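starting from these lines, generate the structure:
(3 chains)
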Amino acid sequence: MTDQPTSEGVVHGVIEELELAPEPPPHGPRVWIRENLISGDTRVAQFFNGLLTVVFALIAINLIQFITSYIFSPERRWAAVTHNMKLMMVQAYPRADLFRIWLSIGIFFVLVAVSLAAWGVHGRMSLWTLARGLRSTGVFLALVALLHGAFEATQLISLPLLSIDSPTDWSGTRTLLFVIGVVLAVGAQLYLNRTGPAAKQRSIPFLSVLVAIMAIVTLLIWTIELPVPEGQFDERLAPIATTTTIPWTVLFLVGIASFFLGKWLVRVVDAGRLRRLLVFLWVFSYPVIIMVIQRKPILDWGDLLGGGPTPFLESALGLFLSFSIVGGIIMWWVSLPENMQLGRGLAIALGAGIAVFGWVIGEAPTWTAVIATLAGAALIAGGLLIQDRMEIARVIGSVAAVAALLVWFIPMPFLLRSLVITFALVAVAAPSFGGTAPARIRIMVIWVSAVLLVIATFVLGKAETALEFQSTTFLGGFNLTILLAITGVALSFPLGVILALARTSTMPIFRLISTGYIELVRSVPLITWLFFGSVMLALFLPGGVEFDEIVRIVGAITIFSAAYVAENVRGGLQSISKGQYEAARAMGLTTVQSTSLIIMPQAIRAVLPALVGSVIVSFKDTSLVAIIGLADVLLIARTFVPTQSNPSFLGTQPQMVFFIALFYWVFTFTFSRLALRYEKSLGLGER
Amino acid sequence: MVKPLEPRTDTSEHARPPLWRNITVVKWAAQIAFLAFFVWLFWILITQAASNLRATGIPFTWGFLGEPLGVKLGEGFNTDPATGLEALAVGMVNMLRITVSGIVAATILGTLIGIARLSSNWIVSQVANAYIEFFRNIPLLVQIYFWNALVVALGELSVDDAGTGWFFASAKGIAIPWLNPEAGRWQYMALILLGAFVARQVYKWRVRILENKGVETHAMSWALVVFASFLILGWLVHPIMGVLGWLWSAMAWLFGNVPVWIFQVLLAALAIWLAYRFIANFLDERRTPAGLAKLTDDDYFRLIVAGLLGLAGALFFLLGPGQATVSQVLGRTRTFQMNWGLEPLFEFLASKFDFSGGAPLDFSRPEVVVPTRFAQYSTEVGKAFTPAFVAVWVGVTLYTAAFIGEIVRAGIMAVHRGQTEAANAVGLKRGQVLRLVVLPQAFRIVLPPLGSQYLNLAKNTSLGIAVAYADIVQVGQTIYNQEGQTLAVFLIWMAFYSFVSLILSGIVNYYNRKMQLVER
Amino acid sequence: MTDIGKPMIICEGVKKWFGDFQALKGVTTTIGEREVVVVIGPSGSGKSTFIRCINRLEVHQEGRIAVDGIELTNDLRNIDAIRREVGMVFQSFNLFPHLTVLENITLAPIWVRKQTRTEAEEIGRRLLERVGIPEQADKYPGQLSGGQQQRVAIARALAMNPKVMLFDEPTSALDPEMIKEVLDVMKELAQSGMTMIVVTHEMGFAREVADRVLFFDYGAIVEEGTPEHFFTNPQHDRTKLFLSQIL
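Numbering: from 1, shown residues only, chains lettered A, B, ... in the order given. Now for the predicted structure:
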């Protein structure tokens, strides 16, 4: 695996190896110390190694003390965190509608739990590892509790940067921490002593460990007393963290219940079908959560049934019916083997024809519309003139795919443009994947759901939101961070794959354009692309077309990360042997078929670790939107909380930065560890 | 025994397929159609931008480069730039300062961490591990904010601090002792370059002796001694390099007085020669024992582009007016001779080289002065870093070092097992194994990902804008907030970062190729 | 010279260059229906290039190749048609590692021949039985031995019901004990009347199964004839030298 391509993401993914603590002493602690702390062939080497141990131990102790004393100092006002938790998570989202957020998280939990059951995650953790982990945790906790009190004695390296705050009276917490630590460590050690190496054989499902951790967290929510700000504060802004105990507990229970639901479903329904359904749900849950659940659109059936200047066309229902029926008939016909080539050509000619139609119904004729008209006319005329039934599409296909894109620059309803583009895309792909009756039905389903999706997006997007909030958007805080990360990755992935294919293509012009794009985008830092999105993008759009700032920023992130995705996927493409291409070609598969059925699945599997790495990178990168003033979790925590939220939190900036650092760390670290587990289990699979 | 040819059986199709079925034609048609679409799209976007700009009343112009800016910059070689161009130059230099020093520091720190990570000493490897996991998993921006907050939290200096010291840390920045350049540095630098050249020649000479006579000649030690002696003796005798001043004056005279057409011809010849060298090298690379390898479309494309570029360059130099009048760029008309400002360059150099003595560098400790206001300080000696610089520098260095640590660790792991055993088997000690066997090989594995980390570091310096560090992004933003020339500023960013990326990856590729050659 | 019957593959003066290196120097031969032709020769003699030209994995630059009356040109339709009619088995198997054995076999029938999945799977299982590994249908290629993989590759090519099968050194990447199981399948195939072109170093196979042997050297057919003629009474010096080296 070290032969992977050398882009940053790969390195991130490949290098990371779960380094377990060294093997426990088979002959007791003295041997362990000899081998791990003062090892060496000679006395001198041992001495220096011991010296090293002392120096590094002092550094570690000093750092731990610095951090604990910082956290537990009376000067810290952690109420700034707990009190503003809601602000940091969802910013201006109205309190009355907060259940929508909980519902979103709930859907996510359910999906995760059912998926875990459906894919039968069978990772197990040996009790040996678990006990040793608990022992380390216990020792660490006890050490932290001890060290804090004794800091003056051990603080030998006194760098001015690490000036340690005065010790505080947190003896209650300290004693508790110490007791918990000792109990954990002693208990784990006793278990290890009692069972010995046999513990290596015993294991429990990884999932149980996960559930146990979550149960502990849930318990903690109920028991831990959160700090409250001093003095008076607005009742309306009561610390949300203290009111979330019940929702979290419910979610936890729902998660467990869904897991067993999933187990039951696997037994009742065919597992393959369940998995396909889950993939579908995963893909569509996200837009539904954002557009419907969180946005709370005001849906008026008048929107659907017409109204406006061109009642029928503007009518969502009319559009849906006409497009799915007419388009569906065409798709059905196109996907019949003997009609494939002719059908593809005619389908696209139809797309161009709609472009012409769009011009006719559009407001003002422009020269682009004239070209579109000519192109459409030429296509249809060409289609009629060329008699060779089978081959018309080859000519038309290449020219007309371009022509269908023309609609983008013709004044016509935005929705219609999108539908025409969707039509062209599905129609071009349909012949390759049509053929048998089930395949043709599948294409019909895909077509109708694509139409539905496009129309639903527009209807929901156009609908007013019923939320009441004092901000430009209902998205903010961590909710926005997540949105940016997920949407950025989801959109940049297909673009990146196309770019990677173009860059490895045998056709020089495609390669040139793709290479130019990738290199240009990658040479400039993300922040300048964000400036581009927020300040410059509007310059390039036709008058009247305006996007929300969040949409523009998502566009900028997509432009940027597509180049990185493309490089990763290219690495995967290059790792596939020439023989695979040749075998696919020798079997008579077309280029589209061999790419999508043979090459891409293998390429993506090969670079999955790198892609996961780039997901982590893009999660971290979303923090940059704080610079251009989008209210993500970083901007709120660092700027809004210490300056605007409440007078009693003035000047809490350093500790808010400290908190937000830990916050990001927890997410990134957990995610990268899970990815690592997954990567390892992948390695054990069929490859 | 050759069989007679069979009679032609009916091949139902004639040999030439119709155009729309000809695979070559179809492929090229698709490409050309897409290219046309692409160009058209680009053109649409540009005309759209132009019309939008016209509508806003701020037409696209480079005029701001020559106009006074009226903004003070946070730091840099000139905090009160006269023009936009100067401000951008300050921003570029500020960016490069952090990039170069950050790369050096992150490489050293990262290598140490990578090695520590593999240490047999448990606590050392755990500390290194904690470092990597901690810094890698927190967004760099948050880290920069953190360091900035930390520096700001240091508190102001008071009058009590006035005076000379070794180290000052305050909310206004950090000051350390420094070697500051003095007037003699130009001669000294020239001498060091000369020393490097001589040392290289000595090295080659000793290696030749080694190869011819087969005795150990300590080539590296010789070269180092020669270089060190230049370094040390040069400190005392550097005024002799003042002779170069005469040379520079002569060059300045030459470039000022020789007719322009001579330069035109020379430059045209250079362009042709470069293109020729490229093509010749390219063909050499493709040559195999069995003859020239088959050239791909791509190869032909490159050769044709190289040839055309060479030709275009030559024509440009020959037929061009011999001088370029650039009026827009700097707001005022300027004429560039074809000798491209070499005359002022050499005049500048000539003014720097004389026979005056004095130390080239001056070691000094920072000194707090209380010039105008209480608790403000500045240092005229030593070196003071602003909080923004400290935050960005520390941030990118520590962040990148975590990644470099992982790369180094992976590199060492990749060569570790068999090679270490082999080295142990021939009786090398542990330190020698690491130094002589493992590290050189790891370096080769590590270099490409290291290069991409360097590029990341260079790009990450742009986050300085978050703490108002006056790098090119922040200066650019200041400019477009004032002048509204967003597009022009974006193009400058693009050009500058592309240029830096190109240089960096060029250096890395150069070493990479050198390393790969060693392997063979 | 045996009567070759109706010509299936016609090659006339086929030439091919890789850059300056000429891999094929005018190959002319005709292969009849149901004929089994074994191509032998030293490595680098152009024999692999020759059969790869027949289904256009390599593009010949001069001369004509026609398969079942369809000429190979730049014509997209002809290329698709020929690839449907010509099956190929590679030296390195080239099975698709992310698909099961059965999926490997049914892929092309479903997507190219537009058969239904059930239909294709039924044919696939029959073919697996024919090559002797019906029980491996749901395994992944990585779980099979080399010989089994090559037999799957043969079944995969047969699933398209081709008129011609090309074998590009099918046993060269196999351990000695697995060669026989693959050769047995090929013999059975030859006896069933399939038109086959086999590039191989297995002289035993050539002697036993081939209708005709082509000897390639320096990009041209140096000598051809029946196996008896070829192995007992070679005419050309280079053929004699080659046979003396390998036999």
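
and the longest helix for chain B?
The longest helix of chain B (DSSP state H) is helix B:387-425.

can you give me the mean pLDDT across it?
Confidence for helix B:387-425, expressed as mean pLDDT, is 86.

next one: stretch B:495-510
So the average pLDDT for stretch B:495-510 ends up being 89.

close to chain A, is it?
Yes: interface with chain A: stretch B:495-510 contributes B:497-498, B:501-502 (CB under 8 Å from any CB of the partner chain). (Glycine included, C-beta is placed from N, CA and C.)

need the max-distance pair from those.
Spanning the widest gap among the residues of stretch B:495-510 next to chain A are B:Y497 and B:L502, at 9.5 Å by CB to CB.

what is in contact with those two at once?
Contact criterion CB atoms under 8 Å, 6 or more residues apart in numbering or on different chains; residues shared by B:Y497 and B:L502: A:S523.

quick one, helices of the stretch 301-450 of chain B?
For the stretch 301-450 of chain B, the helices defined by DSSP state H, counting those that start in this stretch cover B:342-352, B:387-425, B:430-432, B:439-460.

with mean neighbour count and distance to C:P227 added, can I get those in JSON lines?
What follows is the helices of the stretch 301-450 of chain B, written out as JSON lines (neighbours: other CB atoms under 10 Å in any protein chain shown; distance: least, CB to CB, whole Å):
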{"stretch": "helix B:342-352", "mean neighbour count": "16", "distance to C:P227": "79"}
{"stretch": "helix B:387-425", "mean neighbour count": "21", "distance to C:P227": "49"}
{"stretch": "helix B:430-432", "mean neighbour count": "12", "distance to C:P227": "64"}
{"stretch": "helix B:439-460", "mean neighbour count": "21", "distance to C:P227": "53"}
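
between these, which one is closest to C:K180.
Relative to C:K180, the nearest member of these by CB to CB is helix B:387-425, separated by 36.7 Å.

which elements pack onto that closest one?
helix A:8-15, helix B:84-117, helix B:122-136, helix B:140-152, strand B:173-176, helix B:439-460 (3 or more CB pairs under 8 Å, 6 or more residues apart in numbering or on different chains; DSSP states H and E).

close to chain A, is the shortest one?
Going back to what we said before, that points to strand B:173-176. No: under the criterion of CB under 8 Å from any CB, strand B:173-176 makes no contact with chain A; the nearest approach is 9.7 Å.

what is that strand packed up against?
strand B:168-170, strand B:383-385, helix B:387-425.

same deal with the third one?
Packing partners of helix B:122-136 (3+ CB pairs under 8 Å, 6+ apart): helix A:43-72, helix B:84-117, helix B:387-425.

among those, which is nearest A:V615?
helix B:387-425 (16.7 Å).

quick check: angle from that closest one to helix B:140-152?
Inter-element angle recorded for helix B:387-425 and helix B:140-152: 120 degrees (by axes from the mean of the first three to the mean of the last three CA atoms, to 10 degrees).

any chance of JSON lines for the helices and strands packed on helix B:387-425, columns mean pLDDT?
Formatted as JSON lines, the helices and strands packed on helix B:387-425 follow (pLDDT from 0 to 100):
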{"stretch": "helix A:8-15", "mean pLDDT": "45"}
{"stretch": "helix B:84-117", "mean pLDDT": "93"}
{"stretch": "helix B:122-136", "mean pLDDT": "91"}
{"stretch": "helix B:140-152", "mean pLDDT": "91"}
{"stretch": "strand B:173-176", "mean pLDDT": "84"}
{"stretch": "helix B:439-460", "mean pLDDT": "87"}
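
just to revisit the earlier point, who wins on neighbours among the residues of stretch B:495-510 next to chain A?
When neighbours are counted by other CB atoms under 10 Å in any protein chain shown, B:Y497 leads the residues of stretch B:495-510 next to chain A with 24 neighbours.

phi, psi for the closest residue to that one other than its chain neighbours please.
Spatial nearest neighbour of B:Y497, excluding adjacent residues (CB to CB, 6 or more residues apart in numbering or on different chains): A:V524 at 4.7 Å. In terms of degrees, to the nearest 10, the main-chain angles of A:V524 are phi -110, psi 140.

please name the nearest non-neighbouring residue to A:V112.
In space, A:V112 comes closest to A:G255 once its chain neighbours are excluded; the distance is 7.2 Å by CB to CB, 6+ apart.

the helix or strand hosting that neighbour: which residues count as buried?
Following DSSP states H and E, one finds A:G255 within helix A:245-268. Neighbour-count burial for helix A:245-268, with 16 or more other CB atoms under 10 Å in any protein chain shown as criterion, is recorded at A:247-248, A:251-252, A:254-255, A:258-259, A:262-263, A:265-266.

helix, strand or coil: sort out C:K16 for me.
Assigned with DSSP: H, G, I helix; E, B strand; the rest coil, C:K16 falls in the strand class.

which ones are touching it?
With contact set as CB under 8 Å, 6+ apart, C:K16 has these partners: C:22-24, C:46, C:49, C:53, C:58-62, C:219.

out of those, who's nearest chain A?
Distance ranking of the contacts of C:K16 against chain A, using CB to the nearest CB, places C:E58 first at 9.9 Å.

now do the closest one against C:R83, distance only.
Using CB to CB, to the nearest Å, C:E58 is found at 13 Å from C:R83.

more neighbours: which of those two?
Between C:E58 and C:R83, C:R83 has the larger neighbour count (other CB under 10 Å), namely 24 against 18.

next, the buried residues of the helix or strand harbouring that one.
Using DSSP H and E, C:R83 sits within helix C:76-85. Under the neighbour-count criterion of 16+ other CB under 10 Å, helix C:76-85 has C:76-79, C:81-85 buried.

after that helix, next one along is what?
strand C:86-89.

how about the helix or strand following that following strand and chain A, touching?
Proceeding N to C from strand C:86-89, the next assigned helix or strand is helix C:101-111, under DSSP H and E. Yes: using CB under 8 Å from any CB, helix C:101-111 reaches chain A at C:107-108, C:110-111.

which strands or helices does the following helix or strand past helix C:101-111 pack on?
Per DSSP H and E, the first helix or strand lying C-terminal to helix C:101-111 is helix C:117-130. Secondary-structure packing of helix C:117-130 (3+ CB pairs under 8 Å, 6+ apart): helix C:101-111, helix C:146-158.
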